[in-house]
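K.L.:
sequence-free structure coming up:
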């Protein structure tokens, strides 16, 4: 992973602040993983929560915004730069945890490439 902040949308993604991504389909490098259940645009801690449906037994996953490769608003799809296997092996997302807590986000940042600051 490069020095680019994992917690921000890269300029090349086509992300436009204020676009509601809830319900967009999410595509890993090697196939579909689910739909966006929640997303944030917080500076320095933007992320997506994806409901994987039956793919990994209804588990939700948290993905830092820096894993987004491209957003296709016409097709309502978000394309990631990670494989399904990388996403499946990520730390468990717990809806009961305080997602805004830097220590909680740090687990995901370390896994995906850069700690939360």
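P.N.:
Alright, I've got the coordinates. The structure presented is a predicted model; accordingly, all values stated were derived computationally and were not measured.
K.L.:
which ones are touching residue 8?
P.N.:
By CB atoms under 8 Å, 6 or more residues apart in numbering, the residues touching residue 8 are 43-44, 46, 65-66. Glycine gets a C-beta too; all of them are placed from N, C-alpha and C.
K.L.:
want to try a markdown table for these, with neighbour count and distance to residue 5 as columns?
P.N.:
Formatted as a markdown table, the contacts of residue 8 follow (neighbours: other CB atoms under 10 Å; distance: CB to CB, whole Å):
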| residue | neighbour count | distance to residue 5 |
| --- | --- | --- |
| 43 | 9 | 10 |
| 44 | 11 | 7 |
| 46 | 20 | 9 |
| 65 | 22 | 9 |
| 66 | 23 | 6 |
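K.L.:
Pick the one among the residues you listed closest to residue 34.
P.N.:
Set against residue 34, the nearest of the contacts of residue 8 by CB to CB is residue 65 (16.6 Å).
K.L.:
What are the boundaries of the helices in this protein?
P.N.:
Listed in chain order, the helices of the chain (DSSP state H) span 84-88, 102-112.
K.L.:
who does the last one touch, helix- and strand-wise?
P.N.:
Using 3 or more CB pairs under 8 Å, 6 or more residues apart in numbering; DSSP states H and E as the contact criterion, the elements in contact with helix 102-112 are strand 60-64.
K.L.:
hmm, who's touching the strand it packs on?
P.N.:
In contact with strand 60-64 (CB under 8 Å, 6+ apart) are residues 6-7, 26, 33-34, 37, 46-52, 80, 82, 87, 90-91, 93, 95, 99, 108-109, 112.
K.L.:
Can you name the residues that contact residue 99?
P.N.:
Counting by CB under 8 Å, 6+ apart, residue 99 touches 47, 62, 105.
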